[in-house]
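Visitor: I'll drop the sequence and a predicted model, then ask my questions.
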Amino acid sequence: MHHLIRNGIPSRQLGARGWSKPWSDDAGGACVEVKKLADGRVAVRQSTDPDGPALVFTPREMTSFLSGVKAGDADFLM
């Protein structure tokens with residue numbers, strides 16, 4: 001199944017269960033949802049478009065991203 005899951009895959013193909021919202025806006029509308037896949041990769045989608053595309057990251061990519069955010073590498077976005 002690993003080869004069938006790719007960036008841009010429709011989120012519905014990853015199933016409805018297992019999505020969580022670790023990040024959300026204060027207004028309670030737009031949230032980023034994530035799902036850990038069976039092979040360790042992480043899918044990310046927009047909660048307001050649950051049937052839309054998902055971005056799929058390897059564990060290494062997700063670790064690098066989160067480490068960078070914690071280190072302030074994305075502070076310029078604020």
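Guide: Structure's in. What do you need?

Visitor: chain center to stretch 38-46, what's the gap?
Guide: On the basis of CA atoms, centre = their mean, to the nearest Å, stretch 38-46 is displaced by 6 Å from the centre of the chain it belongs to.

Visitor: Apart from its chain neighbours, what residue comes closest to Thr58?
Guide: Arg41 (5.6 Å; CB to CB, 6 or more residues apart in numbering). Where you see a C-beta, it was placed from the backbone N, CA and C, and this is true even at glycine.

Visitor: Might one say that that neighbour is in contact with Pro59?
Guide: Yes: if you go by CB atoms under 8 Å, Arg41 and Pro59 touch, sitting 6.8 Å apart.

Visitor: higher neighbour count, the two?
Guide: Using other CB atoms under 10 Å, the more surrounded residue of Arg41 and Pro59 is Arg41, with 17 against 13.

Visitor: and the gap between that one and Ser20?
Guide: 15 Å (CB to CB, to the nearest Å).

Visitor: where's Asn7, which helix or strand?
Guide: Using DSSP states H and E, Asn7 is not contained in any helix or strand.

Visitor: Provide a list of residues in contact with it.
Guide: Shown in contact with Asn7 (CB atoms under 8 Å, 6 or more residues apart in numbering): 53-56.

Visitor: Could you list which of these belong to strands?
Guide: Among these, the members found in strands (DSSP state E) are 53-56.

Visitor: which of those residues tops the neighbour count?
Guide: Most neighbours among those, by other CB under 10 Å: Ala54, with 26 neighbours.
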